[in-house]
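The sequence isn't on hand, but the structure is:
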């Protein structure tokens, strides 16, 4: 594994630190008036989700870990565990449903997602950036309502509530950005 200096840590980097695997969530470079510069790094443990704040000086060396990304197909949910299958090897893995957090409702049967592995241990999963959903209920379209920033509430087929533009009607298919949980475009 490559060793990097403490001032080279960037958000999203996965580090081996204190015997665990941590992802850098937030990095602030601080240059105090007295003493040397350092990076104040907020870390999240990939195995148990705990958080940690650490200071790394430029002279400090840390192990940067590369995760292997594999596409997995979602099969079903069983007792709070999501079951995925590798399309090439047909191997099945289980991940806790909490790994997707509030984006869990966007996971549909047969959907292909990206799972990150470290030495054959599944650590993280991410949905596609854009998912197509159907609007189950929303207010009716009002003619002449063309204000640039007006949005109305809508409930999607997966039960998630989001804000949509006034021209979107009930039963329409829309594309939702899973990172921001916002309306992106018509499908």
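Looks like it came in fine. For clarity, every value in this text was computed on a predicted model and none was experimentally measured. Numbers count the residues shown, from 1 in each chain.

who does the worst-scoring helix or strand of the chain on mean pLDDT pair up with?
Across the helices and strands of the chain, the lowest-confidence element by mean pLDDT, DSSP states H and E is strand 121-126, at a mean of 85. In the sheet, strand 121-126 lines up against strand 112-118 (antiparallel) (DSSP bridges).

What residues sit buried inside the strand it pairs with?
Using 16 or more other C-beta atoms under 10 Å as the test for burial, strand 112-118 gives 113, 115, 116, 118. For the C-beta atoms, the positions are set from N, CA and C on the backbone; glycine is no exception.

which residues does the second one form a beta bridge with?
So that's residue 115. residue 70, residue 125.

From the centroid of the chain, which residue is nearest?
Nearest to the geometric centre of the chain sits residue 126, at 5.1 Å (C-alpha atoms, centre = their mean).

Pull the residues that contact the helix or strand in which residue 153 is found.
Residue 153 is located in strand 152-156, with elements delineated by DSSP states H and E. Residues from elsewhere that reach strand 152-156 (C-beta atoms under 8 Å, 6 or more residues apart in numbering): 133-139, 161-166, 168, 174, 176.

now do 7 Å
Contacts to strand 152-156, defined as C-beta atoms under 7 Å, 6 or more residues apart in numbering, come from residues 133-139, 161-164, 166, 168.
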